[in-house]
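**Q** Sequence and predicted structure below; questions after.
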Amino acid sequence: MHFLVCLKQVPDTSEVRIDPATNTLMREGVPSIINPYDAHALEEAIRLKEKVGGKVTIISMGPPQAKEALKKAMSFGADRAILLSDRAFAGSDSLATAYVLTVAIQKVHESDPVDLVFTGKEAIDGDTAQTGPGIAQRLGFPQLTYAIKVRDLNDGWVTVERKTEAGREVAKAMLPALITVEKELNELRYASLPNMMKAAKYEPEYWEAKSLPYDTTQLGLKGSPTSVVRIFPPPARSGGDKIDGMKDPQGAAAMVVEKMFQQNIIMTHPLAKGGKH
Amino acid sequence: MSVVVDKAKCIGCGACVVECPVEALDLVDGLATVDPNKCTNCGSCVTVCPANALSLPEGAGSSATKNSDAEKGEAKEFNKSEPLPDSVKDYAKTSKKKEPVVAGGDVWSGVWVIIEYKHGEVAPVSWELLGEGRKLADAIGCDLCGVIVGQDLDPVISEAFAYGAEKVYVVDDPVLKYFRTEPYAEAITDLIRKYQPEIVLMGATAMGRDVFPAVATRMQTGLTADCTVLSIDPETKLLLQTRPAFGGNIMATIQCKKRRPQMATVRPRVMAMPERVEGRQGEIIREELGISEDEVRTKVVEFIKGDAKSIFLDKAEIIVAVGLGIGSKKNIEIAQELADVLGGTIAGTRGAVEAGWLSHDQQVGQTGVTVRPKVYIALGISGAIQHLVGMETSDFIIAVNNDPDAGIFRVANYGIVGDLFQVVPAMTQEFKKRLQHGVAK
Ligand SMILES: Cc1cc2nc3c(=O)[nH]c(=O)nc-3n(C[C@H](O)[C@H](O)[C@H](O)COP(=O)(O)OP(=O)(O)OC[C@H]3O[C@@H](n4cnc5c(N)ncnc54)[C@H](O)[C@@H]3O)c2cc1C
Ligand code: SF4
Ligand code: SF4
């Protein structure tokens, strides 16, 4: 079976901080990592390969440096890695990104049919959660999002447990299909020594825009319908009011609750409803 | 000399790259980079940068810069780094219904809200969006419509009118009994193609974030996920979609200028609930579903009701978190009662997890989950930096601690210095009183 994983190199957003003096992002020294959700997507693909046989191909769109993420991915046991890197891709929003990846997947698919595509549920530097479903639509594959468990891969169907607000939904899709994954899906492995050595020597394939049949009007900034028009820091923390609740706990509690209603922090209907679940 | 990029400010949006007439700018590794040999110091890029990251070198480009001075002034005004003005609300309040002005000069008109109906219940965010949609529709001067897709929908239709929809589009079909991407995307896309709304909104729920990307891809239009503020630009009538970016470190306002519809998913519980007016009526438009069961390649096998306790901690809107100050596992009941009243989720510090009172997936902080709920109530938590990094971007923080110098008070909007065993039950009572009152009303 042929598993394909879409993987993105991202800045570790938990390390990104705002400089309080200038209100700007401090990005110096922020390490690049494999998008955590994608790492779990890769892990699942490798586990399934070990179980039912086949191969794992990784595709990433990104700058030339994203090669490092792909080599890392190879060290976990993937078989082939492709880096889509071109000036023409830069600035793609999720619609354009899904297009770039889809055309590349189609090219892989032509010579080596893909059975199951995995993506992370979202990228931590954008959290739009749109790329996976966008690819599924363009490929014409059915999609199962927010997978927390792959139950079964059999007879041309894949069955997963999906995470939803009200509980777990068990759903299945006909292959070829696309799955977007949550972190709970599995525990990540450590790279094995032989795989690490193999990965160290491995050079990912490098595909530019011209090596694929792209409609260039759909690429990069030109192909992106959305644009950022303004950024600003989130409303600053007020530092807050301190209320003495030692002498009169009842009064202090009442006052804070009152303020929350006044400021619409808590609203009557939805919460009252939510409380009953 | 050429234009200067302030790397600390650049967010890599690429706006400048498109703007530059001589292709002197490029995005390299997510940052704007200038080719000094090509740059003519024309200044165009400076005016479009949303982050104020570009500037012309001292004394550069005399004539060219002059031309854009006026524009630059405007851009600076626009870029002021202060929270988004409440222009939406104010604008909506003051503007009378006017002749429809259709952004982009095309035929797309109307604000649509996709109403999420699942397991026999409507997701409350759908009604919140009808409330918000009302303001947007008034600001544009167009209709507010609800869209309901599913099976046996009649009770939902009257509710949609009660919450303010003027028209309701309905696709009622057994194939739509359970949510599945293919038939839902088909139904919604067909409606959009036929009736051409200008703006389409849905809650940023598991369903909204699954089906909307599919619809946007079919329509080849832009989609902004997880918005927290929506407004209409008074001049262009475009939808301004604001959302947290970079793990909540900054807010970004996004537009979809040229394609239609403009689509956004919105975080639950950030918009106020509109008033429900019993007996309101409107137009009902029914359409057939254009796909049959044999064509659907996904099946729902079963549904296992949660245990929604730890599920979606990172998406929880209200979190009641406990630290070592709660004293014992049994005492967590006090926090649980508060959480129940508010429909909140229990979480805690590493201290509480290591004490065995909570499971690891309930831990907030550097080595746990990062959360950004609307309300975070911290009980008996000291506020160690490793905990703060996981929750300090929460919209509203309340802390209860008996140590007036506890670090948690530095990030709390309201801090109660007191004994949590006295304060928390009092809060629970207080919320109960008011919420019951609210429902009865
Ligand atoms: C590498 C590393 C990673 C870490 N990662 C995390 C992480 O991800 N998440 C995390 O939470 N921590 C993390 N920690 C631990 C962190 O440093 C703190 O030790 C921990 O957060 C403290 O937990 P606490 O606030 O529950 O306990 P304490 O610091 O013991 O605070 C208890 C508080 O309760 C108050 N209190 C006591 N009795 C009452 C009462 N009756 N009424 C009101 N208040 C009362 C006290 O005044 C005190 O402020 C990490 C530490 C390290 C070194
Ligand atoms: S100043 Fe003009 S020429 Fe130079 S980078 Fe900016 S837009 Fe291009
Ligand atoms: S417009 Fe500003 S923020 Fe955007 S890429 Fe250019 S310099 Fe960076």
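**A** Okay, I see it. Ligands and ions are numbered 1, 2, ... in the order given.

**Q** Show me what the residue nearest to B:Glu287 when sequence neighbours are not counted bridges to in the sheet.
**A** Closest residue to B:Glu287 apart from its sequence neighbours, by CB to CB, 6 or more residues apart in numbering or on different chains: B:Val171 at 5.3 Å. Where you see a C-beta, it was placed from the backbone N, CA and C, and this is true even at glycine. Following DSSP bridges, B:Val171 is listed with bridge partners B:Val149.

**Q** how many neighbours does A:Glu203 have?
**A** As a burial measure, A:Glu203 scores 11 neighbours (other CB atoms under 10 Å in any protein chain shown).

**Q** coming back round to it: kindly state the pLDDT recorded for the residue nearest to B:Glu287?
**A** In the predicted model, B:Val171 carries a pLDDT score of 97.

**Q** Likewise for the one 10 residues further on?
**A** In the predicted model, B:Thr181 carries a pLDDT score of 96.

**Q** Low-confidence regions, the stretch 1-150 of chain B specifically.
**A** Along the stretch 1-150 of chain B, the parts satisfying pLDDT under 70 run over B:59-106.

**Q** which residue ranges form the strands in it?
**A** B:4-5, B:25-28, B:31-34, B:54-55, B:111-115, B:117-118, B:121-122, B:144-150 (DSSP state E, counting those that start in this stretch).

**Q** With adjacent residues omitted, what lies nearest to B:Cys49?
**A** Of all residues beyond its chain neighbours, the one nearest B:Cys49 is B:Cys16 (5.5 Å), with distances taken as CB to CB, 6+ apart.

**Q** Tell me how far that neighbour lies from A:Gly91.
**A** For B:Cys16, the distance to A:Gly91 equals 10 Å [CB to CB, to the nearest Å].

**Q** Tell me which residues of stretch A:215-228 come out buried.
**A** A:Gln218, A:Leu219, A:Gly220, A:Leu221, A:Gly223, A:Ser224, A:Pro225, A:Thr226, A:Ser227, A:Val228 (16 or more other CB atoms under 10 Å in any protein chain shown).

**Q** which secondary structure element contains the third one?
**A** Using DSSP states H and E, no element contains A:Gly220; it sits outside every helix and strand.

**Q** now A:Tyr206, what's its secondary structure?
**A** Using DSSP: H, G, I helix; E, B strand; the rest coil, the structure places A:Tyr206 in strand.

**Q** List the contacts of it.
**A** A:Pro64, A:Ile82, A:Leu83, A:Ser85 (CB atoms under 8 Å, 6 or more residues apart in numbering or on different chains).

**Q** try it again with 10 Å
**A** Going by CB atoms under 10 Å, 6 or more residues apart in numbering or on different chains, A:Tyr206 touches A:Pro64, A:Lys67, A:Ala81, A:Ile82, A:Leu83, A:Leu84, A:Ser85, A:Asp86.

**Q** and of those, the nearest to B:Thr181?
**A** A:Leu84 (25.4 Å; CB to CB).

**Q** Name the nearest residue to the closest one, sequence neighbours excluded.
**A** Using CB to CB, 6+ apart, the closest residue to A:Leu84 is A:Met61 (4.3 Å).

**Q** Just the strands from the stretch 51-200 of chain A, written as ranges.
**A** Using DSSP E, counting those that start in this stretch, strands in the stretch 51-200 of chain A cover A:55-61, A:80-84, A:116-120, A:143-154, A:157-164, A:167-174, A:177-181.

**Q** my guess is B:Thr47 contacts B:Leu54, does it?
**A** Yes. Between B:Thr47 and B:Leu54 a contact is recorded at 8.7 Å, counting by CB atoms under 10 Å.

**Q** and B:Met202, how far is that from B:Gly327?
**A** B:Met202 is 43 Å from B:Gly327, by CB to CB.

**Q** ok, for the residue nearest in space to the middle of chain A, nearest residue in space, not its chain neighbours?
**A** Central residue of chain A (CA atoms, centre = their mean): A:Glu122, 2.7 Å from the mean position. Nearest-residue entry for A:Glu122: A:Ala129, 3.9 Å, with adjacent residues in sequence omitted and distances by CB to CB, 6+ apart.

**Q** Same check on B:Glu198?
**A** Ranked by CB to CB, 6+ apart and with sequence neighbours excluded, the top spatial neighbour of B:Glu198 is B:Trp108, at 4.3 Å.

**Q** one step back: mind giving me TSV with the strands of the stretch 51-200 of chain A and columns for mean neighbour count, mean pLDDT and distance to B:Met271?
**A** Formatted as TSV, the strands of the stretch 51-200 of chain A follow (neighbours: other CB atoms under 10 Å in any protein chain shown; pLDDT from 0 to 100; distance: least, CB to CB, whole Å):
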stretch	mean neighbour count	mean pLDDT	distance to B:Met271
strand A:55-61	23	96	34
strand A:80-84	22	96	38
strand A:116-120	28	96	28
strand A:143-154	21	94	23
strand A:157-164	21	93	21
strand A:167-174	20	92	25
strand A:177-181	27	96	26
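
**Q** Looking at these, which is nearest to B:Ala264?
**A** Evaluated over the strands of the stretch 51-200 of chain A, closeness to B:Ala264 peaks at strand A:143-154, with 18.3 Å, by CB to CB.

**Q** give me phi/psi at whatever residue of chain A ends up closest to ligand 2?
**A** Nearest residue of chain A to ligand 2: A:Leu221, at 14.0 Å (CB to the nearest ligand atom). Here is the backbone geometry of A:Leu221 (degrees, to the nearest 10): phi -60, psi -40.

**Q** Spit out the contact partners of the nearest residue to it once chain neighbours are set aside.
**A** In space, and not counting its chain neighbours, A:Leu221 is closest to A:Gly91: 3.8 Å by CB to CB, 6+ apart. Neighbouring residues of A:Gly91 by CB under 10 Å, 6+ apart: A:219-224, A:227, B:12-18, B:26-27, B:30, B:32.

**Q** And for the residue nearest to B:Glu198, the neighbour number?
**A** Residues near B:Trp108, counting by other CB under 10 Å, number 19.

**Q** ok, now the one 10 residues further on?
**A** Applying the criterion other CB under 10 Å, we find 18 residues in the vicinity of B:Lys118.

**Q** any idea how far it lies from B:Asp172?
**A** 15 Å.

**Q** Also B:Ala245?
**A** Look at B:Ala245 and B:Asp172: by CB to CB, they are 38 Å apart.

**Q** pLDDT at the residue nearest to A:Met267 when sequence neighbours are not counted, what is it?
**A** Nearest-residue entry for A:Met267: B:Met273, 5.3 Å, with adjacent residues in sequence omitted and distances by CB to CB, 6+ apart. We have a pLDDT of 83 for B:Met273.
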